[in-house]
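Asks: next come a sequence and a model predicted from it.
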Amino acid sequence: MNKPTITLLVGKKPVEASVTQLVIYAQSQIVEAHCSQNQLYYILFYKEKMITAVNATRIRRYSHMEHALKNGITFPAPHPLLTLLLSSNKTFPIMQKSHISSFLTSIQRSYDTYETALIYTYLESFVPKKLLFEEIQQLYFQCRRNGQTFGCYRIIQILKKFAPKHKWVKEFSNSLQFGKYTDLYEKPTYSLFEKDPLYLEHYYFITRENPSHAKKLEEYYLSHKRIISYLSLVIEACKKSIIDYQTLLSLLSPYFKKEELTHILKNISDHSHQCHSFHSELYERLLQEQCYIEALQLVISKQLSLPTYNQSLDTLLEKIPVEKNPLLQTKTVNLPLLYSNSEKAERWLQRYVRYLLVDHSLTDVLQLLQPLKDKYPTLSIIKKLETMVELQDNPDAQRELGDLYHEFALMEKAIECYTFDMELHEYDPRPIQSLAKIYREIGQTDEATMYQQLYVEVRKRA
């Protein structure tokens with residue numbers, strides 16, 4: 001999957017931005033994006049519907065944004081949940097300072113009193129807190145005028161998170177008129193979803209380490225068709241505990257395309273300690289979808305031992321371009337496949353040693369191949385490498401070393417050796433002949449012709 005890009009509207013000017021992550025925190029979803037001018041933007045969602053987009057110059061301490069970014073469920077881009085969340089919007093207007101008042105009014109028109117109050121708290125890092133507090137305070141007085149005592153207390157609960165040290169909040173939260181409601185919040189139970197679902201959802205989210213709370217929250221999200229929030233809990237739980245592969249497939253399959261599901265399964269595998277059978281089934285899935293590099297990465301990272309390992313992995317080594325093979329990034333080459341027989345190990349080394357030598361010294365390559373050497377001490381290619389190590393510091397053996405580099409098609413290294421040998425033995429035509437040959441092979445005809453002429457002249461004098 002590729003990182004998604006989005007179009008932001010700054011005034012009337014469209015700005016392309018690259019999405020970097022999704023954060024889910026209770027009722028809110030936050031999409032982070034960067035544009036080419038290194039500007040940071042956040043797109044704010046409430047219950048999976050977009051509220052606004054903002055240019056983030058700073059995140060206020062102890063704000064909703066800070067809590068979300070620190071304690072939310074994070075999905076780096078690309079991720080199928082991001083695709084799902086962004087699919088209903090094509091462009092994202094940035095909230096302008098001159099339009100704050102009208103924006104706040106539009107929120108009131110679109111949401112009920114309590115949701116409006118909660119959404120206002122999301123904006124603390126981007127809208128003056130004093131203005132937001134006064135707006136929420138007016139919602140409190142609106143409830144009081146309507147005789148909604150419990151509604152007033154719900155607003156107070158929101159303000160206690162938003163401005164816990166404010167004198168007015170402290171005074172009214174301890175008012176005797178609310179005494180009959182305090183038990184509901186001190187020991188919240190599932191029944192509070194009927195009276196104050198906003199509070200209980202937040203409470204269950206921040207205490208989701210409790211399996212009972214996480215399960216109830218999953219049920220609540222499913223019943224309210226909050227699919228992204230539900231799936232985020234499922235995926236997070238899978239990264240923290242062992243889950244059966246087929247069970248997970250049944251949970252996720254209804255919501256994602258095949259390649260999206262594979263991305264999620266691989267992400268769970270990368271960031272959890274699932275059982276061997278989970279990784280084995282994922283490996284087979286990656287093979288079926290021709291994700292050969294990812295399959296080999298899985299084998300390496302999880303040190304898989306599969307019933308069909310030798311056959312399927314042997315196919316992998318043939319399918320993956322040598323220069324992209326994850327084995328080149330490992331500290332040691334010790335896959336069981338390469339232990340299956342010396343012929344297979346020799347064939348593999350013939351293909352890969354050249355690429356190992358591009359970025360590693362001879363000594364380092366031998367160290368990488370030590371597990372193979374221990375298993376098969378007579379491998380001819382390892383013998384060659386050991387010979388090259390012995391020759392590399394011998395000035396009189398540079399032509400021989402160049403010949404070995406030439407065998408591995410490492411032309412630049414071979415040219416260095418032949419050139420050194422030519423300078424050391426100026427009347428010897430052999431290194432000159434080798435240089436003419438190698439330049440001809442790499443298509444540098446002018447250099448090849450020059451060295452061929454030089455070879456003829458030196459040979460005459462020899």
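Replies: Structure's in. What do you need?
Asks: beyond the helix or strand encompassing residue 120, next helix or strand please.
Replies: If you go by DSSP states H and E, residue 120 is part of helix 113-122. Proceeding N to C from helix 113-122, the next assigned helix or strand is helix 129-145, under DSSP H and E.
Asks: so for that next one, what gets flagged as buried?
Replies: 129, 132, 133, 135, 136, 137, 139, 140, 143 (16 or more other C-beta atoms under 10 Å). In this view, the C-beta of every residue, glycine as well, is placed from N, C-alpha and C.
Asks: and for stretch 396-411?
Replies: 397, 398, 399, 401, 402, 404, 405, 406, 408, 410, 411.
Asks: C-alpha coordinates for that stretch, CSV please?
Replies: Provided in CSV are the C-alpha atoms of stretch 396-411 (Å, rounded to 0.1, in the frame of the first residue of the first chain):
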residue,chain,number,x,y,z
ASP,A,396,51.9,-8.8,-5.3
ALA,A,397,48.6,-10.6,-5.5
GLN,A,398,46.3,-7.8,-6.7
ARG,A,399,46.0,-9.3,-10.2
GLU,A,400,44.8,-12.6,-8.8
LEU,A,401,42.4,-10.7,-6.5
GLY,A,402,41.1,-8.7,-9.5
ASP,A,403,40.4,-12.0,-11.3
LEU,A,404,38.3,-13.2,-8.3
TYR,A,405,36.4,-9.9,-8.2
HIS,A,406,35.9,-10.2,-11.9
GLU,A,407,34.3,-13.6,-11.3
PHE,A,408,31.8,-11.9,-9.0
ALA,A,409,31.1,-9.3,-11.7
LEU,A,410,32.4,-6.5,-9.3
MET,A,411,34.0,-4.6,-12.1
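Asks: so what's the spatially closest residue to residue 419 that is not a sequence neighbour up against?
Replies: Leaving aside its sequence neighbours, residue 419 sits nearest to residue 435 (C-beta to C-beta, 6 or more residues apart in numbering; 6.9 Å). Listed by C-beta atoms under 8 Å, 6 or more residues apart in numbering, the contact set of residue 435 reads 415, 418, 419, 422, 447, 451.
Asks: residue 435 should be in a strand, yeah?
Replies: No: the assignment for residue 435, made by DSSP: H, G, I helix; E, B strand; the rest coil, is helix rather than a strand.
Asks: ok, so of the buried residues of helix 129-145, who is nearest residue 56?
Replies: Distance to residue 56, by C-beta to C-beta, is smallest for residue 129 among these, at 15.8 Å.
Asks: wait, the closest one sits on residue 166?
Replies: No: using C-beta atoms under 8 Å, residue 129 is not in contact with residue 166; the gap is 9.9 Å.
Asks: which stretches in the stretch 101-250 of the chain count as helices?
Replies: Assigned by DSSP state H, counting those that start in this stretch, the stretch 101-250 of the chain shows helices spanning 113-122, 129-145, 149-162, 167-173, 182-186, 192-195, 197-206, 211-223, 227-240, 245-252.
Asks: need the winner for burial among these.
Replies: Among those, ranked by average contacts under mean count of other C-beta atoms under 10 Å, first place goes to helix 113-122 (a mean of 22).
Asks: helices or strands next to that one in the packing?
Replies: Helix 113-122 is packed against strand 40-46, helix 64-71, helix 100-110, helix 129-145, helix 149-162, helix 197-206, with contacts defined by 3 or more C-beta pairs under 8 Å, 6 or more residues apart in numbering; DSSP states H and E.
Asks: any chance of the ones you listed in a markdown table, plus mean pLDDT and distance to residue 261?
Replies: Listed next are these as a markdown table, based on pLDDT from 0 to 100; distance: least, C-beta to C-beta, whole Å:
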| stretch | mean pLDDT | distance to residue 261 |
| --- | --- | --- |
| strand 40-46 | 96 | 23 |
| helix 64-71 | 96 | 27 |
| helix 100-110 | 95 | 34 |
| helix 129-145 | 96 | 41 |
| helix 149-162 | 95 | 36 |
| helix 197-206 | 96 | 25 |
